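Enquirer: model the following, please.
(one chain, ligands or ions: 1)
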Amino acid sequence: MKILNLTLEDGADKLYLKIANAIREAIKNGNASTGESLPSARTLATQLAVNRHTIMSAYHELEAQGWVESKERQGYSVAQTLPIYHSQKDNDKLNEANSKHQWRLVKTSNNSLQRQASDYLFNFAGGNPDIALFPFNEFRSYVNEAMSRPLINELNYGNNNGFPAFITEVSTYLRRVRAIADKDIIVVNGSQEALYIISQILLKTGDKVAVESLGYRPAWNALENAGAELIGVKQTKDGIDVEHLEQLFKQHKLRLLYLTPLHQYPTTTTLPAAQRIKIYHLARQYNVPIIEDDYDHEFHYDSQPLAPMAANDPAGLVIYLSSFSKIMFPGIRLGIIAVDKTLVPDIISYRTMINHKANVVLQDAVARWMKDGAFERHLRKATRIYQKRRQCMVETLNSFIAEGIKLDFTVPPGGMTLWVNVGGNAKEIATAARDNNIFLLAENAFHLAQESDENKFIRLGFAGQSEDKIKQGLLLLKPLLNRKG
Ligand SMILES: Cc1ncc(COP(=O)(O)O)c(C=O)c1O
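Expert: Numbering: from 1, shown residues only. A predicted model of the protein is given here:
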């Protein structure tokens, strides 16, 4: 330890005793913890502007009392076992700690902090990428490059849209791979930040927002936090029910539409091109912007994925979100808003209240990674592996069906999960699975209206674990799937 903040009390004690008392208080308050090394006598002498011998005397005193230990050539450290010491002052402090300030919370969120899915031995959580596939060594060299040749100007306050070289790479990629050409790019710390900002700038209390009736709760939380009233659009086996959406447009003054068209969250169905066109025309007719959340675009296996709605948006009403959480890993906190340039200044100026600079070094590294083609190489590899894992899960579940277990599912053309009809008891299966160290979610976790829960579907993510793990986990799950209500 180089510095320890000490408060010397006034009084008639000798200086070395005052210093010893101050160090002891620091230890008792937990500012220096057991075993931690203490500043050298020389450092403390300079810090307190006293003679080094005075500090040595203070340390000797504390050593004699059992608070401090000294080791040759290593200096002083806090004793491993501290003397039990209770004065009236200590008791007062303890009482003080027990009567902490009560916060007056005026806004809370309903996010529950539960045990993490990754704590389970078998993790079938829906959208987890397999982080072990990420080429950390390769990526480190781009981080090194970004650190050795930084664009000094960009490191300072100023531009808050994102690192220009990264925006260039992302624009090229979106144009080439997703056919999105006429949008401006804003870089965010993950799509969730985008959802929050967009909700804040486009919605006020009581505004109605149409969302998929089975959907992505974190997006709903952001919308509701801005005061929105959510209205669920019914779903068919092809995604949202366009006729129902049309009725909602007629009945309500909708202000926004939030959709996951490519791999509907959580069912993984792909909204067909014809439905997209109808939805777009309705949105245009009623003047309602669409948030298109395209969170796992690359992981499409049987064909080229449909171009996003944002690729054909002459009115500029689609706000397109993309995330690096699946492509890289969630901890990278990198996402993109592709939006008509008319909305850019408002998004940036709102975002500047939350965060007035994006993580430039990280974006610089990712830009270099993308420019070199290594990014797309990683994507091709991950897509191939996920496709095999989808196959493995499908074959394993089909073998259960062949043995007489009642399951029904459609193999999705892409995405990272299967949406499996287990016929009933879905919630009970999910709960029993956790007792067997298996994480999965049942449909109740995704309904906007709990009364719509039929308790039939479970969601099984296939991307995040090896084929062996998928098979082992499913075998362990098998007796639970076979249970009669
Ligand atoms: C529907 C949906 N949108 C977005 C995301 C990604 O969010 P973020 O970029 O904030 O990690 C996810 C990740 O699970 C998702 O499922």
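
Enquirer: okay, residue 89: pLDDT?
Expert: As predicted, residue 89 sits at a pLDDT of 62.

Enquirer: then the one 3 residues further on?
Expert: Note for residue 92: predicted pLDDT of 67.

Enquirer: what of residue 96?
Expert: At residue 96, pLDDT is 69.

Enquirer: ditto for residue 14
Expert: In this model, residue 14 carries a pLDDT of 91.

Enquirer: number the residues from 16 up from this point.
Expert: Done: numbering now begins at 16, and the last item shifts to residue 29.

Enquirer: wait, residue 41 touches residue 51, no?
Expert: No: assessed by Cβ atoms under 8 Å, residue 41 is found out of contact with residue 51, at 10.5 Å. For the C-beta atoms, the positions are set from N, CA and C on the backbone; glycine is no exception.

Enquirer: quick one, what contacts the residue nearest to residue 349 when sequence neighbours are not counted?
Expert: With Cβ to Cβ, 6 or more residues apart in numbering as the criterion, residue 349 has its nearest non-adjacent residue at 3.9 Å, and that residue is residue 339. Listed by Cβ atoms under 8 Å, 6 or more residues apart in numbering, the contact partners of residue 339 are 205, 347, 349, 350, 381.

Enquirer: ok, the residues you listed vs the ligand, which is closest?
Expert: Among the contacts of residue 339, residue 205 lies closest to the ligand (Cβ to the nearest ligand atom), at 3.1 Å.

Enquirer: element containing residue 224?
Expert: strand 223-227 (DSSP states H and E).

Enquirer: mean confidence (pLDDT) on that strand, please.
Expert: Rounded mean pLDDT across strand 223-227 is 98.

Enquirer: for it, which outside residues touch it?
Expert: 218, 234-235, 238, 243-248, 250, 254-255, 260, 263, 267-275, 279-280, 463.

Enquirer: which ones, among those, also lie beside the ligand?
Expert: 275, 280 (Cβ under 6 Å from any ligand atom).

Enquirer: that older thread, okay, residue 41 and residue 51: which has more neighbours?
Expert: residue 41 (17 against 12; other Cβ atoms under 10 Å).

Enquirer: count the residues that sit near the nearest residue to the more buried one once chain neighbours are set aside.
Expert: Spatial nearest neighbour of residue 41, excluding adjacent residues (Cβ to Cβ, 6+ apart): residue 47 at 5.2 Å. Residues contacting residue 47 under the criterion other Cβ under 10 Å number 22.

Enquirer: three-state assignment of residue 47?
Expert: Three-state call for residue 47 (DSSP: H, G, I helix; E, B strand; the rest coil): coil.

Enquirer: show me the contacts for it.
Expert: Contact analysis of residue 47 by Cβ under 8 Å, 6+ apart lists 16, 19, 38, 41, 53, 93.

Enquirer: for the second one, what are phi and psi?
Expert: Backbone geometry at residue 19, expressed as degrees, to the nearest 10, gives phi -130, psi 120.

Enquirer: go ahead and confirm it touches residue 42.
Expert: No: the pair residue 19 / residue 42 is not scored as a contact, 9.4 Å apart, by Cβ under 8 Å.

Enquirer: more neighbours: which of these two?
Expert: Neighbours were counted for residue 19 and for residue 42 using other Cβ under 10 Å; residue 42 has more, 21 against 17.

Enquirer: separation between the more buried one and residue 89?
Expert: For residue 42, the distance to residue 89 (Cβ to Cβ, to the nearest Å) stands at 18 Å.

Enquirer: return the set of residues that bridge with residue 203.
Expert: Assessed by DSSP bridges, residue 203 has beta-bridge partners residue 350.

Enquirer: does it really touch residue 351, like I thought?
Expert: Yes: here residue 203 reaches residue 351: they are 7.1 Å apart, a contact under Cβ under 8 Å.

Enquirer: now do the shared contacts for the two.
Expert: In contact with both residue 203 and residue 351: residue 209, using Cβ under 8 Å, 6+ apart.

Enquirer: residues contacting the residue of the stretch 16-165 of the chain found nearest the ligand?
Expert: Residue of the stretch 16-165 of the chain nearest the ligand, by Cβ to the nearest ligand atom: residue 142 (4.0 Å). By Cβ under 8 Å, 6+ apart, the contact list for residue 142 reads 280, 310, 311, 340, 341, 431, 432, 476, 478.

Enquirer: recalculate using a threshold of 7 Å.
Expert: 311, 341, 431, 432, 476 (Cβ atoms under 7 Å, 6 or more residues apart in numbering).

Enquirer: how about the contacts made by residue 393?
Expert: By Cβ under 7 Å, 6+ apart, the contact list for residue 393 reads residue 150.

Enquirer: hmm, back to that, strand partners (parallel or antiparallel) of the strand holding residue 224?
Expert: Here strand 223-227 is paired, per DSSP bridges, with strand 244-248 (parallel), strand 269-274 (parallel).

Enquirer: of all those strands, which lies closest to residue 173?
Expert: Ranking the strands paired with strand 223-227 by proximity to residue 173 (Cβ to Cβ) places strand 269-274 first, at 31.1 Å.

Enquirer: how about residues contacting that closest one?
Expert: Counting by Cβ under 7 Å, 6+ apart, 217-218, 222-227, 234, 238, 255, 263, 298, 301, 303-308 sit against strand 269-274.

Enquirer: now that strand, how far from the centre of its chain.
Expert: How far strand 269-274 lies from its chain's middle: 23 Å, per Cα atoms, centre = their mean, to the nearest Å.

Enquirer: next SSE after that strand?
Expert: helix 288-300.

Enquirer: the helix or strand that that following helix is followed by: partners in the sheet, and parallel or antiparallel?
Expert: Next in sequence after helix 288-300, counting helices and strands by DSSP H and E, comes strand 305-308. Applying DSSP bridges, strand 305-308 is found paired with strand 269-274 (parallel), strand 333-338 (parallel).

Enquirer: so for strand 305-308, mean pLDDT?
Expert: 98.

Enquirer: check whether it contacts the ligand.
Expert: Yes: against the ligand, strand 305-308 shows contacts by Cβ under 6 Å from any ligand atom at residue 308.
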